[in-house]
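Visitor: coords please:
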Amino acid sequence: MSVTVLVVDDSKLARIVTGKAITALQPDWVRVEAASAADALSVVGRQKIDVAILDFNMPEKDGLQLASELRAEHPHMPIAVITANVQDEIIARVRALNATFVAKPVTQEALSGFISGAALRLKKAGA
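Guide: Model (predicted):
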């Protein structure tokens, strides 16, 4: 089962750090990166994406807006929103989109629950 995960963050360093954590947890997953919401939507339009990890703070369109658009098109896709902005309102908005909140800095430990849950959901769905 080939799983493709999309990492969206306007920071190249953050994409690298997130990518390393994903590789440590799921070495067989294919990683695709995007530097903006527009890039992410373009990628999703071109290829099958199974899992999305989105930065909250990005120019033009934030991670919640992007998560909402992805959720509308892919209702069962595991989506995580990552941010250092740990406020109850943001966490509630992420959860309202049926997405997972992950606090920055992103570490293997911080992502492990989301990644293992996503892998299980995809396995059950036969992705």
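
Visitor: only C-alpha atoms for contact and neighbour calcs from this point on.
Guide: OK.

Visitor: secondary structure class for the residue nearest in space to the middle of the chain?
Guide: Nearest to the geometric centre of the chain sits residue 53, at 1.1 Å (CA atoms, centre = their mean). When classified by DSSP: H, G, I helix; E, B strand; the rest coil, residue 53 comes out as strand.

Visitor: Next, work out how far apart it and residue 100 are.
Guide: Distance of residue 53 to residue 100, computed by CA to CA, to the nearest Å: 9 Å.

Visitor: what residues are shared contacts of these two?
Guide: Shared contacts of residue 53 and residue 100 (CA atoms under 8 Å, 6 or more residues apart in numbering): 79-81.

Visitor: Dihedrals phi and psi, residue 47?
Guide: Torsion angles at residue 47 (phi, psi; degrees, to the nearest 10) stand at phi -150, psi 160.

Visitor: measure it to residue 41 for me?
Guide: Separation of residue 47 from residue 41 (CA to CA) stands at 10 Å.

Visitor: got it, and residue 103?
Guide: Distance from residue 103 to residue 41, by CA to CA: 23 Å.

Visitor: Where do the helices of the chain begin and end?
Guide: For the chain, the helices defined by DSSP state H occupy 12-25, 37-46, 63-73, 88-96, 108-125.

Visitor: need those in a markdown table with distance to residue 4 and mean neighbour count, can you?
Guide: Shown next, in a markdown table, are those (distance: least, CA to CA, whole Å; neighbours: other CA atoms under 10 Å):
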| stretch | distance to residue 4 | mean neighbour count |
| --- | --- | --- |
| helix 12-25 | 11 | 17 |
| helix 37-46 | 11 | 15 |
| helix 63-73 | 15 | 18 |
| helix 88-96 | 22 | 14 |
| helix 108-125 | 11 | 15 |
